[in-house]
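Chemist: Sequence and computational prediction follow.
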Amino acid sequence: MIEFRNVSKKYETGDTEAIHNANFKINKGEFAFLVGSSGSGKSTMIKLILKEEEPTSGKIIINGKDTTFLKPSRVPYLRRSMGVVFQDFRLLPDKTVYENVAFAMYVVKATPKHIRRQVPMVLSLVGLSEKAKVYPNELSGGEQQRVALARAIVNNPAMLIADEPTGNLDPNTAWDIMGLLNDINLRGTTVVVATHAKDIVDKMKKRVIRIDQGNIIRDEKGGYDGEI
Ligand SMILES: Nc1ncnc2c1ncn2[C@@H]1O[C@H](COP(=O)(O)OP(=O)(O)O)[C@@H](O)[C@H]1O
Ligand SMILES: [Mg+2]
C-alpha cells in the first residue's frame, strides 16, 4: 500500500539528507509507528507519503502506483485515499464540529444526503455525537483531535496518516486517541503514526519503524524492545 524504494530526501537549504535511502513496505490493513527523536525525519517521511515533498531520489509507490511522475493534476486524487491528522488539529474555527466534518465531504462533492448520513456516523464513532453543534474553541484538546480524526476518516480513505497526533495531549487523552486510531485500523484502514510517545509505542505492540538522523535503523513487526 505504501512502499519506499531507496528513497532519499535532501532539502535545498539543508546540508545533509533528511531521509537517507529508506526502504520499507506497509501493507494494506497494517498499523505502523514511525518513531525517532525530534529532527530524525518523521515529518519528512509523512510529507513524502502525502506528496507534499518530493524525494531527491528513489521511488514512492502508493496503492501500487509509482507516484514519482504523477501529474500535479492527479495529486488531489492521491490525497483522497489518505486521511491526515496533525499535532495541532487544524480545525476550522468558524465552523461547528458537524460543519468541520461535513466540509471535508463537501469539498469532494459528496451529495447532501450522503453527508447527512455519514457525518453523524463518524461523530458517533469518535464519541462526539453530543458536541456536533459546538465550535472548536469550546472543546478540549482531546475532543478537537477527535473531530480531526472524524474529518480524516469521513470519506473512507484507504489509509490514515498521523503526524504526532498526541503531541499536544496529556497522557490519558493521548491513550484515548491511540485507542481510536486502533479502532479505525481494526475497521480495515491502514494506519501510519509518527510519534515519539515512547510509553504508547511500547505498549501497543505494533510495527515500529525507527528513524535516526534520516536512517531507518530498525523495523520490527508487532513488538518493541522499549528503546526509543
Ligand atoms: N522544509 C525544510 N527545509 C529544510 N530542512 C528541513 C525542512 N523540514 C525539515 N528539515 C530538516 O530535516 C530534518 C528532519 O526534520 P523532520 O522531518 O521535521 O523531523 P521530525 O519530524 O522527526 O522532527 C531536520 O534536520 C530538519 O531541520
Ligand atoms: Mg515532526
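Modeler: Thanks, I have it. Ligands and ions are numbered 1, 2, ... in the order given.

Chemist: which residues make contact with the longest helix seen in the chain from outside it?
Modeler: Taking DSSP state H as the criterion, the chain has its longest helix at helix 171-186. Outside helix 171-186, the residues that touch it by CB atoms under 8 Å, 6 or more residues apart in numbering are 29, 31, 125-126, 140-142, 145-146, 149, 153, 160, 162, 165-166, 169, 191, 193, 197, 199-200, 204. (Glycine included, C-beta is placed from N, CA and C.)

Chemist: try stretch 31-45
Modeler: For stretch 31-45, contacts defined as CB under 8 Å, 6+ apart pick out 9, 18-19, 22, 26, 46, 53, 163-164, 181-182, 185, 190-196, 198, 201, 204, 206-214, 228.

Chemist: Drop anything exposed from those.
Modeler: Among those, those that count as buried by neighbour count (16 or more other CB atoms under 10 Å) are 9, 18-19, 22, 26, 46, 53, 163-164, 181, 185, 190-196, 201, 204, 206-211, 214, 228.

Chemist: So which of these are in strands?
Modeler: When DSSP state E defines the strands, the subset of these inside them is 9, 19, 22, 26, 163, 190-195, 207-211.

Chemist: filter the buried ones among the contacts of stretch 31-45 by proximity to ligand 1?
Modeler: Among those, the residues lying close to ligand 1 (CB under 6 Å from any ligand atom) are residue 18.

Chemist: The helix or strand encompassing residue 160 pairs with which strands, and in what direction?
Modeler: Using DSSP states H and E, residue 160 falls within strand 159-163. For strand 159-163, the paired strands and their directions (DSSP bridges) are strand 82-86 (parallel), strand 190-195 (parallel).

Chemist: Residue 100: which of those strands is closest?
Modeler: Checking the strands paired with strand 159-163 against residue 100 by CB to CB gives strand 82-86 as the closest, at 12.8 Å.

Chemist: Go ahead and name everything in contact with that closest one.
Modeler: 49-50, 145, 148-149, 151-153, 155, 157-165, 189.
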